[in-house]
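Here's a sequence, model it:
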Amino acid sequence: MSERASDEKVPALDTRQLSALAETFRLLGDPTRLRILMFCLNGPKPVKQIADSLDLSQTLVSHHLRLLRGARLVRGERSSRQVFYEVADHHVSHVLIDMLHHINEDEDA
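Reported below is the predicted structural model:
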């Protein structure tokens with residue numbers, strides 16, 4: 001077991017917390033939502049830029065952002081007529097970046 005994993009205490013989860021965690025991972029299991037999250041890692045992006053850059057419709061992007069916002073994975077800030085979205089906080093960005101490093105470990109070995 002790694003040093004980090006053995007040093008951290010895993011909190012006991014109640015049913016509500018376990019359900020929220022499972023729902024978060026379910027949302028992260030969608031490739032389109034992951035693409036949106038990864039695109040928003042480097043700072044706030046308006047919906048149109050997300051849609052254009054990922055070759056998705058604005059309607060589809062808005063739908064996914066609504067789900068991600070509901071799970072507190074992204075946050076939006078309005079600036080006049082546009083809403084700029086970014087990853088909600090460092091916890092979310094660390095999960096994404098750490099998992100990206102994890103899946104690349106075999107490739108690097």
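
drop to CA atoms for contacts and neighbour counts, all remaining ones
Noted.

In space, what's closest to the residue sitting nearest the centre point of the chain - neighbours in sequence excluded?
In the chain, the C-alpha nearest the mean C-alpha coordinate belongs to residue 37, at 4.5 Å (CA atoms, centre = their mean). With CA to CA, 6 or more residues apart in numbering as the criterion, residue 37 has its nearest non-adjacent residue at 6.4 Å, and that residue is residue 87.

who touches that neighbour in this structure?
The neighbours of residue 87, taking CA atoms under 8 Å, 6 or more residues apart in numbering as the test, are 37, 40, 41, 43, 44, 73, 74, 75, 93.

Count the residues that sit near the fourth one.
Under the neighbour criterion other CA atoms under 10 Å, residue 43 is assigned a count of 10.

same check, this time on the last one
Burial measure for residue 93: 20 neighbouring residues, criterion other CA under 10 Å.

tell me what the helix or strand harbouring the residue nearest to the centre of the chain is packed against?
Using DSSP states H and E, residue 37 maps to helix 31-39. Here helix 31-39 touches helix 47-54, helix 58-70, going by 3 or more CA pairs under 8 Å, 6 or more residues apart in numbering; DSSP states H and E.

Give me the contacts around that helix.
Everything outside helix 31-39 that qualifies as a contact, by CA under 8 Å, 6+ apart, is 27, 28, 50, 54, 61, 64, 65, 68, 74, 86, 87, 96.
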